[in-house]
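[1] sequence and computational prediction follow.
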Amino acid sequence: MKDFNLFGVSKIVFQDKTDNGTRLHTLMQDLTRKEWTAAEPAMRIIGVLPSLTFAKHLMLSFIFQSGFMAYGRPELYLVMEPLLYTHLTCDGKSGFILYRTSSVLFQLIFEHQVLAKLPSKALFPWYVDKSRKKIPKFNKGPKLDPEWVYLVKCVPRRDFYDTVVPQEQLQPLWFFIRQNMSSRHNRIIPQLERWIPGCGPRLIAKDVNIYSRFGDLSPRQILSTFRDFSGWPEYPACAFRASVEEAYLKMEPGSDDLDDVPAGRRDVDEAEDEDAADEMGADTDHKPS
């Protein structure tokens, strides 16, 4: 058992990348690396999740096969407030302020289960819900009780490479989700025709119409759309693959910004992008009247 502030792990990763250090290796030296498909987890992590930073780091660690995830699958027991849990596990029905890249990736990567509800006053410092004061539209969202927090078990899917995508498709999947969920209003057909012109009829045959938005799709539907897209004969030679490499090279070392918000890092309660102006279930521009 080791007592360590894991919320500083992003800084450690950044420092190791900039000076070729071994800080993370030193931290993890007591752990034995395990195969991803091993029955037992490589480590168990117990703690409080006060923000999305550590969750985002774990997801990026898996996508780029670095950091914690390079040692095998962790089993996490995390206490989190309801807004964070709702953000990670929601779909577009909860509104586009909550439903983001990190929501989709979390649900594809992790199996999760709420083990218990705990009184928030049992934790110190006490949590203060500021989100509804900062974003009036959020009051139309899901009703969350700030008097409670959740104890959540999160485990990366042991069969991920068989049931989601193979390992070589991890980064393309990440970029596909990030690019198309940067605004949940992005319409599916125009977005994908940027990469593969003329693919619209194939999507229409899959019951996608000209008004369908990425924010209307569940994580599994987004995955299905990516599988179709990456299986088309034009895919190997299209500009999408070069864009994946370019996006990776432009990423700030140690970044945890899954959602690619240009203004910098933001948490759920700081959502101020274009979707915050007219979302929390609004459907005003989805279909013509």
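    That came through, no problem. Being a predicted model, the structure only gives us computed values, none of them experimental.
[2] who's in contact with the nearest residue in space to Ile12 that is not next to it in sequence?
    Nearest non-adjacent residue to Ile12, counting by Cβ to Cβ, 6 or more residues apart in numbering: Arg23, 4.7 Å away. All C-beta atoms are positioned from the backbone trio N, CA, C, and that covers glycine. By Cβ atoms under 8 Å, 6 or more residues apart in numbering, the contact set of Arg23 is 12, 15-16.
[3] and if we set it to 10 Å?
    Contact analysis of Arg23 by Cβ atoms under 10 Å, 6 or more residues apart in numbering lists 9, 11-16.
[4] also Leu115?
    Shown in contact with Leu115 (Cβ under 10 Å, 6+ apart): 77, 79, 150-153.
[5] change it to 7 Å
    Counting by Cβ atoms under 7 Å, 6 or more residues apart in numbering, Leu115 touches 151-153.
[6] quick check: it is in a helix.
    No. According to DSSP: H, G, I helix; E, B strand; the rest coil, the state of Leu115 is strand, so it is not within a helix.
[7] give me the neighbour count for Asn209.
    Per other Cβ atoms under 10 Å, the neighbour tally for Asn209 reads 12.
[8] for it, give me its contacts.
    Asn209 makes contact with no residue under the criterion Cβ under 7 Å, 6+ apart.
[9] tell me how far it lies from Gln113.
    Using Cβ to Cβ, to the nearest Å, Asn209 is found at 36 Å from Gln113.
[10] tell me where the chain has strands.
    43-49, 74-80, 110-119, 148-156 (DSSP state E).
[11] pull up the per-residue confidence for Ser94.
    Looking at Ser94, its pLDDT is 89.
[12] if I read this right, it contacts Thr86, doesn't it?
    Yes. With contact defined as Cβ atoms under 7 Å, Ser94 counts as touching Thr86 (6.4 Å).
[13] same drill for those two, tell me which one is more crowded.
    Ranked by neighbour count (other Cβ under 10 Å), Ser94 and Thr86 place Thr86 first, with 20 against 17.
[14] can you put the strands of the chain in a markdown table and add mean pLDDT?
    As requested, these are exported to a markdown table (pLDDT from 0 to 100):
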| stretch | mean pLDDT |
| --- | --- |
| strand 43-49 | 90 |
| strand 74-80 | 95 |
| strand 110-119 | 95 |
| strand 148-156 | 95 |
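[15] output the below-cut-off pLDDT ranges for the stretch 151-289 of the chain.
    For the stretch 151-289 of the chain, residues meeting the criterion pLDDT under 70 lie at 252-289.
[16] let me see the contact set for Leu31.
    Neighbouring residues of Leu31 by Cβ under 7 Å, 6+ apart: 42-43, 71.
[17] ugh, wrong one, I meant Gln169
    Ser230.
[18] how near is it to Leu217?
    For Gln169, the distance to Leu217 (Cβ to Cβ) stands at 18 Å.
[19] which parts of the stretch 51-200 of the chain are helices?
    Assigned by DSSP state H, counting those that start in this stretch, the helices in the stretch 51-200 of the chain fall at 53-63, 82-89, 101-109, 131-134, 160-163, 170-181, 188-193, 200-204.
[20] hang on, isn't Gln171 packed against Val244?
    Yes. Counting by Cβ under 7 Å, Gln171 does reach Val244; the two are 5.7 Å apart.
[21] contacting residues around the nearest residue to Pro156 once chain neighbours are set aside?
    Closest residue to Pro156 apart from its sequence neighbours, by Cβ to Cβ, 6+ apart: Arg73 at 4.7 Å. For Arg73, the contact set (Cβ under 7 Å, 6+ apart) comprises 36, 41-42, 155-156, 158.
[22] quick check, nearest of these to His57?
    Of all the contacts of Arg73, Pro156 has the smallest distance to His57: 13.4 Å, by Cβ to Cβ.
[23] partners of that closest one in the sheet?
    Beta bridges link Pro156 to Phe110, judged by DSSP bridges.
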